[in-house]
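I'd like to go over a predicted model; first the sequence, then the structure.
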Amino acid sequence: MTLLAQAMRNAKSAEPRHPDAVEKVRGLYGTAGEFNFSADDHSGLTEEAFAMVRITKGDWELLR
């Protein structure tokens, strides 16, 4: 919903009709990190936003 709200603000409309409204979203912080969309990147996240972890006996371990 936050992404849609930001796209609507970018489009200056309650009904953005073009995908470029979403593609112009930059610097949107969400639970997974900072989202920066573009025409080539519809994920919005860089590789740094993802991490593999192992949970052993309730403790988190970052895997490299």
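Looks like it came in fine. Residues are numbered from 1 along each chain as shown.

Doesn't V22 lie inside a strand?
No: read with DSSP: H, G, I helix; E, B strand; the rest coil, V22 is helix and lies in no strand.

number of nearby residues for it?
For V22, the count of nearby residues is 20 (other CB atoms under 10 Å). C-beta coordinates here come from the backbone N, C-alpha and C atoms, glycine included.

now the nearest residue to it once chain neighbours are set aside: how far from V25?
Counting by CB to CB, 6 or more residues apart in numbering, V22 lies nearest to A7, which is 4.6 Å off, once chain neighbours are set aside. To V25, A7 is 6 Å away according to CB to CB, to the nearest Å.

in this structure, which residue is closest to the centre?
F35 (3.4 Å; CA atoms, centre = their mean).

Give the bridge partners for that residue, please.
Beta-bridge pairing for F35 (DSSP bridges): L28.

for it, what are its contacts?
The contact partners of F35, taken as CB atoms under 8 Å, 6 or more residues apart in numbering, are L3, V25, G27, L28, Y29, G44, L45.

How about A32?
Contacts of A32 by CB under 8 Å, 6+ apart are L45, A49.

for the chain, what spans make up the helices?
Remark: helices assigned in the chain by DSSP state H are 2-11, 20-23.

Would you mark the buried spots in the longest one?
Neighbour-count burial for helix 2-11 flags Q6, A7, N10, A11 (criterion: 16 or more other CB atoms under 10 Å).

Just the pLDDT for H18.
H18 carries a pLDDT score of 68 in this model.

next one: F50
For F50, the predicted pLDDT is 86.

Please apply the same query to R26.
So, for R26, pLDDT stands at 92.

Give the burial count for it, as a bare number.
Neighbour count of R26, defined by other CB under 10 Å: 13.

List the contacts of it.
N36, F37.

Tell me how far it lies from A7.
11 Å.

for F50, same thing?
Taking CB to CB, one finds F50 at 23 Å from A7.

just P19 next, same as before
In terms of CB to CB, P19 sits 9 Å off from A7.

A51 too?
Counting by CB to CB - A51 and A7 are separated by 27 Å.

for A21, same thing?
From A21 to A7 the distance is 4 Å (CB to CB).
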